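K.L.:
pasted the sequence and its predicted model underneath.
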Amino acid sequence: MAPPWKFDGCSGTAKTLCGSGRQARHLPASLVARWSIFYSADGLSGDMVLRFYEDREGNLWVATSKGIDCFRGRSSRYLSNREGLTTPEVDAVLAAQDGTVWVGGDGALDAIHRDGVLSSLQVGKGLPGNQVTSLLQDHAGRLWVGVDKTMTIYKNGRFSRIDRPDGSPIGLVVGMTEDVDNNIWVETIGPPRTLSRIRDLKVQEAFPVPQMPAAREVAADPEGGIWFRSKEWRSGSISVWQDRDLCLQAPREF
């Protein structure tokens with residue numbers, strides 16, 4: 001089966017994308033002037049950008065409210081329902097170590113393989129829930145999948161759940177990362193909103209708000225520590241947690 005897309009010329013020379021026109025207007029004028037902003041009218045699958053991911057080959061995968069786009073140099077391609085994508089809204093994207101691009105969202109977890117063939121796990125057909133909210137591949141190659149209000153690992157065609165120590169679901173996963181010590185950090189919307197540390201496939205610690213900031217994104221620092229993005233990104237601050245200490249930092253200059 002041939003890939004359901006093709007590369008097309010992409011106008012402009014900048015490779016940087018912005019989430020939406022509304023968000024772009026909140027950026028400093030000096031910064032906006034240095035960016036090229038793409039809309040659906042320019043070929044982007046949707047005007048609301050939800051996630052970014054760069055694969056090992058340097059392709060930038062962009063999840064939008066209506067599909068997924070891949071930017072490579074000055075060329076781009078997109079995949080939506082019309083081209084075979086199962087989920088109507090992309091909430092998570094991951095470029096795996098073997099070259100497979102996983103796309104999760106409403107009702108499905110799609111896999112775009114290196115040869116362009118697309119396979120899918122859907123509600124009632126292998127997917128253990130209705131909504132894929134977050135994706136992560138760890139150092140061992142395991143695929144971590146947030147589904148509805150649960151944390152699962154997909155391996156060898158099967159999903160296994162990771163619950164809280166009391167056996168209850170971990171919550172709706174909005175962000176995951178793996179630190180330099182191979183701990184998996186999971187940000188969930190509860191109740192209560194919680195940051196959990198998972199090691200050896202078990203929840204070792206949990207830090208509910210207000211012990212930790214209410215974050216929408218988490219990322220591991222290669223030198224140690226965890227970075228958070230506030231759910232109110234226009235507040236102009238981000239957080240870093242290292243050695244059990246939390247401090248607020250202003251965004252770095254571009």
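P.N.:
That came through, no problem.
K.L.:
around residue 180, count how many other residues there are.
P.N.:
Using other Cβ atoms under 10 Å, residue 180 has 11 neighbouring residues. The C-beta positions use only the backbone N, C-alpha and C, and glycine is treated the same way.
K.L.:
residue contacts, it?
P.N.:
220, 222, 223, 224 (Cβ atoms under 8 Å, 6 or more residues apart in numbering).
K.L.:
narrow those residues to those in strands?
P.N.:
Under the assignment DSSP state E, these contribute residue 220 to strands.
K.L.:
among the contacts of residue 180, who's most crowded?
P.N.:
Neighbour-wise, those (other Cβ under 10 Å) top out at residue 220, 18 neighbours.
K.L.:
distance of that one from residue 138?
P.N.:
Between residue 220 and residue 138 the computed distance is 11 Å (Cβ to Cβ, to the nearest Å).
K.L.:
distance of the nearest residue to residue 96 once chain neighbours are set aside relative to residue 43?
P.N.:
With sequence-adjacent residues excluded and distances taken as Cβ to Cβ, 6 or more residues apart in numbering, residue 96 is closest to residue 137, at 5.3 Å. Distance check for residue 137 against residue 43: by Cβ to Cβ, it reads 29 Å.
K.L.:
those two: which is more packed in?
P.N.:
residue 137 (18 against 15).
K.L.:
quick one: contacts for that one?
P.N.:
Applying Cβ under 8 Å, 6+ apart, the residues near residue 137 are 94, 96, 97, 143, 144.
K.L.:
avg pLDDT for stretch 206-215?
P.N.:
What stretch 206-215 shows for mean pLDDT is 78.
K.L.:
measure that stretch end to end?
P.N.:
Chord length of stretch 206-215, first to last residue, is 14 Å (Cα to Cα, to the nearest Å).
K.L.:
in it, what's buried?
P.N.:
Applying a neighbour-count criterion of 16 or more other Cβ atoms under 10 Å, one finds 206, 207, 212, 213, 214, 215 buried in stretch 206-215.
K.L.:
measure the most centrally placed residue in the chain to residue 176 for me?
P.N.:
Computing the C-alpha centroid of the chain and ranking residues by Cα atoms, centre = their mean puts residue 92 first, at 4.3 Å. For residue 92, the distance to residue 176 (Cβ to Cβ) stands at 9 Å.
K.L.:
which residues are common contacts for those two?
P.N.:
Contacts common to residue 92 and residue 176, judged by Cβ under 8 Å, 6+ apart, are 134, 135, 146.
K.L.:
just the ones of these in strands?
P.N.:
134, 135, 146.
K.L.:
just list whatever residues bridge to the second one.
P.N.:
As for beta bridges, residue 135 partners with residue 145 under DSSP bridges.
K.L.:
can you pull the contacts of it?
P.N.:
92, 93, 94, 102, 104, 143, 144, 145, 146, 176.
K.L.:
try 10 Å this time
P.N.:
51, 53, 91-96, 102-104, 109, 143-146, 154, 173, 176 (Cβ atoms under 10 Å, 6 or more residues apart in numbering).
K.L.:
let's verify residue 41: helix, strand, or coil?
P.N.:
Under DSSP: H, G, I helix; E, B strand; the rest coil, the three-state class of residue 41 is helix.
K.L.:
and for it, the neighbour number?
P.N.:
Neighbours of residue 41 (other Cβ under 10 Å): 7.
K.L.:
pLDDT score assigned to it?
P.N.:
pLDDT, read off for residue 41, is 78.
K.L.:
mind listing the residues bridging to the nearest residue to residue 192 once chain neighbours are set aside?
P.N.:
The shortest distance from residue 192 to any non-neighbouring residue, by Cβ to Cβ, 6+ apart, is to residue 208 (4.4 Å). Per DSSP bridges, residues listed as beta-bridge partners of residue 208: residue 194.
K.L.:
go on, residue 173?
P.N.:
residue 188.
K.L.:
which residues touch it?
P.N.:
92, 132-136, 144-152, 186-189, 196.
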